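>>> would you be able to build a 3D model of this:
(one chain, ligands or ions: 1)
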Amino acid sequence: MRSLIDVMDLSTQEIEELINTAEDIIANPDQYAHACDRKKLATLFFEPSTRTRMSFEAAMYELGGHVISMSEASSSSAAKGESVADTAKTVSNYVDIIAMRHPKEGAALVAANNVNIPVINAGDGGHSHPTQTLADLLTIYREKGHFNDLTIGFCGDLKFGRTVHSLAGAMARYPGVKFVLISPEELKLPSYVKKNILQPAGIPYEQTTDLEGAMDQLDILYMTRVQRERFFNEEDYLRLKDRYILTEEKLKKAPESMIVMHPLPRVNEISVAVDDDPRACYFKQVLNGKYMRMALILKLLKEAGTL
Ligand code: NCD
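Just a heads-up that it's a prediction; the model follows:
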């Protein structure tokens, strides 16, 4: 059974097909309004979320399907000690497809290995977040028109930021791409990401702590939140949380054509004044995420033989 656990599960051609479907949905929404009639999605969220869960739910409704939802681990049998495998097995009796977010790395894979319906990883701990990457890719495609030859600056919490790990993996497949990794020393990109993704792809990258110094060479600046919930102590979080704050003043150093992305939620890392800058794309990412999730649900249900 085909699931989506990691963005690397998708070939470059499949990503292109998902983008084409999303573009078609944007152009002809009515043609998709009954595509998933009588089909059901379960959103199982064991960790907080606004966008990802609601985006999955809106996506399924716009396809004519139904949604049942578990938005708090504390209100489910997980609170009684039920395993992820058992919860997933149970829920697979009620629905055609599952989207799951969990604080433990690998949880979505465990769920997928225990059910006979598709499972979509909606974020597993500090590991990966493939559907945010699909949102990011559609945004890059719509704003830049291509993926090749782009220099992307990832800034903030590159250690725990799962959206960074997934997007880096997806972008590393395109020729001419370069990364600038901007973070405090303590929050550098994990070595497993460098070893498994950057090095095999031969991606040129530089590591720096200096956001302003890096800005003038970037096509894309991908800002991230310092992931408080993954820190072992609050003191470290407090020391690092406001290390990078993007302001209009700092953006003066950036090219006019650079776009600013952020998976959201934002805390302090982008000043609200930047929202009015034409380069700010983070709310476009939100909408693009819904279209890519629609395209993904369609693809997985078709491959499962459900549609
Ligand atoms: C991200 C996540 O959950 O990893 N949010 C999202 O899904 N858009 C980023 C974050 O929480 O900082």
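>>> which parts of the chain sit against the ligand?
With Cβ under 6 Å from any ligand atom as the criterion, the chain meets the ligand at residues 51, 52, 123, 129, 132, 162, 163, 225, 263, 264, 265. For glycine as for every other residue, the C-beta is placed from the backbone atoms N, C-alpha and C.
>>> can you pull out the low-pLDDT segments for the chain?
Residue ranges of the chain with pLDDT under 70: none are present.
>>> and the residue at minimal distance from the centre of it, which of the three is it?
Geometric centre of the chain, nearest residue: residue 132, 1.8 Å, by Cα atoms, centre = their mean. When classified by DSSP: H, G, I helix; E, B strand; the rest coil, residue 132 comes out as helix.
>>> quick one, longest helix in the protein?
helix 282-303 (DSSP state H).
>>> can you name the residue of the stretch 51-200 of the chain nearest to the ligand?
The ligand sits closest to residue 52 of the stretch 51-200 of the chain, with a gap of 4.2 Å, by Cβ to the nearest ligand atom.
>>> skipping adjacent residues, who's closest to that residue in space?
Distances taken as Cβ to Cβ, 6 or more residues apart in numbering place residue 122 nearest to residue 52, at 5.0 Å, with adjacent residues excluded.
>>> run through the bridge partners of residue 207.
residue 181 (DSSP bridges).
>>> tell me the contacts of it?
181, 183, 188, 189 (Cβ atoms under 8 Å, 6 or more residues apart in numbering).
>>> what about the nearest residue to residue 171 once chain neighbours are set aside, how many neighbours?
Using Cβ to Cβ, 6+ apart and skipping residues adjacent in sequence, the residue nearest residue 171 is residue 177, 5.3 Å away. By the measure other Cβ atoms under 10 Å, the count of residues near residue 177 is 20.
>>> quick one: residue 167 from residue 293, how far?
16 Å (Cβ to Cβ, to the nearest Å).
>>> next one: phi and psi at the residue of the chain positioned farthest from its centre?
For the chain, the C-alpha farthest from the mean C-alpha position belongs to residue 80; by Cα atoms, centre = their mean, that distance is 29.7 Å. Backbone torsions of residue 80, given as degrees, to the nearest 10, read phi -90, psi 0.
>>> now do the contacts for it.
If a contact means Cβ under 8 Å, 6+ apart, then residue 80 has no contacts.
>>> and if you look at the one 5 residues further on?
With contact taken as Cβ under 8 Å, 6+ apart, residue 85 is in contact with 110, 111, 113, 114.
>>> returning to that earlier point: the residue of the stretch 51-200 of the chain closest to the ligand is in contact with residue 131, isn't it?
Yes - using Cβ atoms under 8 Å, residue 52 and residue 131 qualify as a contacting pair, with a distance of 6.9 Å.
>>> which residues do those two both contact?
Contact criterion Cβ under 8 Å, 6+ apart; residues shared by residue 52 and residue 131: 99, 122, 289.
>>> out of those residues, which is most surrounded?
Within these, most neighbours by other Cβ under 10 Å means residue 99, with 31 neighbours.
>>> quick check: that residue touching residue 117?
No - Residue 99 lies out of contact with residue 117 (Cβ under 8 Å); the separation is 11.3 Å.
>>> overlap in contacts of those two?
Both residue 99 and residue 117 lack any common contact, where contact means Cβ under 8 Å, 6+ apart.
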